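Chemist: Sequence plus predicted model, see below.
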Amino acid sequence: TKALSEIRRVLKPNGGKFLFWEHVLSEDNKTLALQQTLLNPVQTFSADGCHLNRRTGMNIQKVFDGKVDLNYMTLEGKWVIAPTTFGIATV
């Protein structure tokens, strides 16, 4: 959330927008979420600190005080990076 707080800080007051698209921890498949959690140490080591098990959408909502158009979808054929959140957060 430190990076998200910095993003919010530098956006234009009263209308600045943050567009985002991130792979996240599965919200609708407990088996996949467990796989993501178990594979996360390998992922962070091999992918320069990239995490499989973050709840980025929730974190964005917290930092932007709920002023977020948040969407969730699962991409076909992408296995552990299939769960995705995207949207627009507004200051």
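Modeler: That came through, no problem. Numbering: from 1, shown residues only.
Chemist: For the rest of this, base every contact and every neighbour count on C-alpha atoms.
Modeler: Noted.
Chemist: For Leu39, which residues are in contact?
Modeler: Leu52 (C-alpha atoms under 8 Å, 6 or more residues apart in numbering).
Chemist: Can you give me the pLDDT of it?
Modeler: For Leu39, the model assigns a pLDDT of 97.
Chemist: before we move on, what SS does it have?
Modeler: The three-state label given to Leu39 by DSSP: H, G, I helix; E, B strand; the rest coil is helix.
Chemist: where does Arg54 land in three-state SS?
Modeler: Here Arg54 is coil, with the state taken from three-state DSSP.
Chemist: Settle this for me: it is touching Ser26, isn't it.
Modeler: No. Using C-alpha atoms under 8 Å, Arg54 makes no contact with Ser26, being 9.2 Å away.
Chemist: ok, the two, which is more surrounded?
Modeler: A direct count of neighbours by other C-alpha atoms under 10 Å for Arg54 and Ser26 places Ser26 higher, at 27 against 17.
Chemist: Now do the contacts for that one.
Modeler: Leu32, Ala33, Asn53, Pro83.
Chemist: Who wins on neighbours among those residues?
Modeler: Counting neighbours by other C-alpha under 10 Å, Pro83 comes out on top of the contacts of Ser26 with 24 neighbours.
Chemist: Next, work out how far apart that one and Asn59 are.
Modeler: 16 Å (C-alpha to C-alpha, to the nearest Å).
Chemist: Repeat that for Gly66.
Modeler: From Gly66 to Asn59 the distance is 10 Å (C-alpha to C-alpha).
Chemist: Over to Val10?
Modeler: To Asn59, Val10 is 17 Å away according to C-alpha to C-alpha.
Chemist: what's the answer for Lys30, then?
Modeler: In terms of C-alpha to C-alpha, Lys30 sits 20 Å off from Asn59.
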